[in-house]
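S.K.: My questions are about this predicted structure, shown below with the sequence.
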Amino acid sequence: MATFKAIRIDKADKGTTAALTQFDEAELMDGDVTVRVAWSTLNYKDGLALTGKAPVVRRFPMIAGIDFAGTVEQSSHPAWKSGDQVICTGWGMGETHLGGYAEKARVKGDWLVGLPDGLSAREAMAIGTAGFTAMLSVLALEKQGVTPQSGPVVVTGAAGGVGSVATSVLAKLGYHVIASTGRAAEADYLRHLGAAEVIDRNELSGAAKPLAKERWAGGVDSVGSTTLANVLSMTKYGGAIAACGLAAGMDLPGSVAPFILRGVSLLGIDSVMCPLTARKAAWARLAQDLDRPKLSEITHEIGFEQVMEMAPQILAGRIRGRLVVKIS
Ligand code: NDP
């Protein structure tokens with residue numbers, strides 16, 4: 001029986017269990033491309049799945065991991081052949097389809113993006129789903145007409161994965177970035193990534209007024225809840241906020257005032273079912289607009305064996321930047 005190393009999640013009497021173990025190759029799900037996984041990553045959603053804190057996993061047994069980069073081993077899909085370097089994020093991996101914390105993955109060829117020129121597989125996963133989502137947010141702001149000339153942009157949860165990449169990319173593009181963080185100790189880190197100002201997240205965490213003093217023309221919010229409501233209330237006339245996360249909660253206790261009195265736009269960002277054309281565009285922009293030395297400062301590498309112990313840490317907001325996981 002052929003097996004490979006994987007982090008397997010099973011249903012238990014109460015909740016779920018997760019462990020690094022051997023997985024039977026015969027249990028791989030349907031797909032037209034089999035990939036030898038080299039790198040994966042630890043995202044907030046992985047933390048939820050591994051700890052069982054939220055019902056992310058909807059099929060058992062599951063292999064956790066919402067993304068991977070690796071080399072095609074076998075393919076019956078016309079776009080891919082053995083030896084191609086590929087990236088896969090979302091599409092229900094680690095939720096309804098066996099995921100990326102595995103030496104081997106079998107997926108649909110239609111889900112894959114080729115590794116952009118000049119980006120290594122490790123760099124692609126240092127970016128991972130979080131960084132990809134940050135870029136989708138930046139692209140949404142651009143599409144909405146938010147430019148560096150429009151005024152400052154705010155990034156919430158700035159020291160986290162989405163926040164670190166968003167801060168870095170926006171700064172490189174010339175935006176005046178206001179980074180909001182709960183970790184004063186990370187102020188230097190955020191300035192180094194290019195933040196022009198660092199603010200305490202407490203400024204954005206209380207009950208939101210319908211409208212407050214206009215502070216920014218745009219923003220990337222990975223926090224949700226009262227933070228997003230405050231961010232919206234402080235957005236300038238005609239501005240836009242890309243909402244991509246829920247680190248503080250799924251609720252949005254705010255007012256319609258910013259929309260109807262200031263023409264503010266709320267842009268929804270989903271990386272999971274994002275269409276292929278938009279994926280390719282975002283990865284191409286990441287390869288172009290994310291400063292490599294900055295990426296390497298954002299990134300901390302961990303081994304397969306450390307994923308389980310780091311999962312509660314990401315949920316507690318204790319991870320700075322991105323964790324890239326060496327698989328094989
Ligand atoms: P991280 O844990 O790396 O970052 C989240 C950051 O949010 C933390 O570092 C912290 O930043 C801040 N934060 C955490 N808890 C709170 C709180 N209670 N109140 C205010 N701020 C808080 O996670 P990721 O960057 O990987 O993901 C961020 C969010 O984006 C998650 O909710 C995730 O589910 C979502 N996401 C959504 C995607 C999509 O497709 N829409 C894809 C990827 C992620 P600091 O210490 O700087 O304050």
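M.R.: Thanks, I have the structure now. Quantities reported herein were computed from a predicted structural model and do not represent experimental measurements. Numbering: from 1, shown residues only.
S.K.: what's the residue most central in space within the chain in contact with, if anything?
M.R.: With distances taken as Cα atoms, centre = their mean, residue 130 lies nearest the centre of the chain, 1.5 Å away. Contacts here follow Cβ atoms under 8 Å, 6 or more residues apart in numbering; on that basis residue 130 touches 41, 43-44, 160-162, 165, 322. Glycine gets a C-beta too; all of them are placed from N, C-alpha and C.
S.K.: and which of the residues you listed is nearest residue 261?
M.R.: Closest approach between those and residue 261, by Cβ to Cβ: residue 162, at 28.7 Å.
S.K.: What count of nearby residues applies to the closest residue to the ligand within the stretch 151-300 of the chain?
M.R.: Closest residue of the stretch 151-300 of the chain to the ligand, Cβ to the nearest ligand atom: residue 160 (1.9 Å). Residue crowding around residue 160 was assessed by other Cβ atoms under 10 Å; the count is 30.
S.K.: Surely it and residue 220 touch.
M.R.: No - with contact defined as Cβ atoms under 8 Å, residue 160 does not count as touching residue 220 (11.1 Å).
S.K.: how about the residues of the stretch 51-200 of the chain near the ligand?
M.R.: Counting by Cβ under 6 Å from any ligand atom, the residues of the stretch 51-200 of the chain close to the ligand are 129-130, 133, 157-163, 181-183.
S.K.: what about the strands in the stretch 1-150 of the chain?
M.R.: Along the stretch 1-150 of the chain, counting by DSSP state E, counting those that start in this stretch, strands occupy 3-11, 16-24, 33-42, 62-63, 67-75, 85-89, 104-107, 113-114.
S.K.: Tell me how far stretch 320-328 lies from the chain's centre.
M.R.: Centroid separation for stretch 320-328 versus its chain: 13 Å, with Cα atoms, centre = their mean, to the nearest Å.
S.K.: Tell me the buried residues in that stretch?
M.R.: 320-325, 327 (16 or more other Cβ atoms under 10 Å).
S.K.: what would the strands of the stretch 1-150 of the chain look like in JSON lines with mean pLDDT and mean neighbour count?
M.R.: Converted to JSON lines, those look like this (pLDDT from 0 to 100; neighbours: other Cβ atoms under 10 Å):
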{"stretch": "strand 3-11", "mean pLDDT": "97", "mean neighbour count": "20"}
{"stretch": "strand 16-24", "mean pLDDT": "96", "mean neighbour count": "15"}
{"stretch": "strand 33-42", "mean pLDDT": "98", "mean neighbour count": "25"}
{"stretch": "strand 62-63", "mean pLDDT": "98", "mean neighbour count": "26"}
{"stretch": "strand 67-75", "mean pLDDT": "98", "mean neighbour count": "23"}
{"stretch": "strand 85-89", "mean pLDDT": "98", "mean neighbour count": "25"}
{"stretch": "strand 104-107", "mean pLDDT": "98", "mean neighbour count": "24"}
{"stretch": "strand 113-114", "mean pLDDT": "98", "mean neighbour count": "16"}
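S.K.: Out of those, which is closest to residue 311?
M.R.: Among the strands of the stretch 1-150 of the chain, strand 33-42 comes nearest to residue 311, with 7.1 Å by Cβ to Cβ.
S.K.: if I pick residue 133, what's in contact with it?
M.R.: Contacts of residue 133 (Cβ under 8 Å, 6+ apart): 162, 222, 244-245, 269, 271.
S.K.: Likewise for residue 203?
M.R.: Residues counted as contacts of residue 203 (Cβ under 8 Å, 6+ apart) are 180, 230.
S.K.: you'd agree it is in a helix?
M.R.: Yes - assessed with DSSP: H, G, I helix; E, B strand; the rest coil, residue 203 lies in a helix.
S.K.: Check the nearest residue to residue 290 once chain neighbours are set aside and give its pLDDT.
M.R.: The spatial neighbour of residue 290 that comes closest, neighbours along the chain excluded (Cβ to Cβ, 6 or more residues apart in numbering), is residue 169 at 5.6 Å. pLDDT for residue 169: 98.
S.K.: residue ranges of the strands in the stretch 151-300 of the chain, please?
M.R.: 153-155, 177-181, 197-200, 216-221, 235-243, 265-268, 299-303.
S.K.: just those: most buried one?
M.R.: Of all the strands of the stretch 151-300 of the chain, strand 153-155 has the most neighbours on average by mean count of other Cβ atoms under 10 Å, namely a mean of 32.
S.K.: Please consider this matter closed, and thank you.
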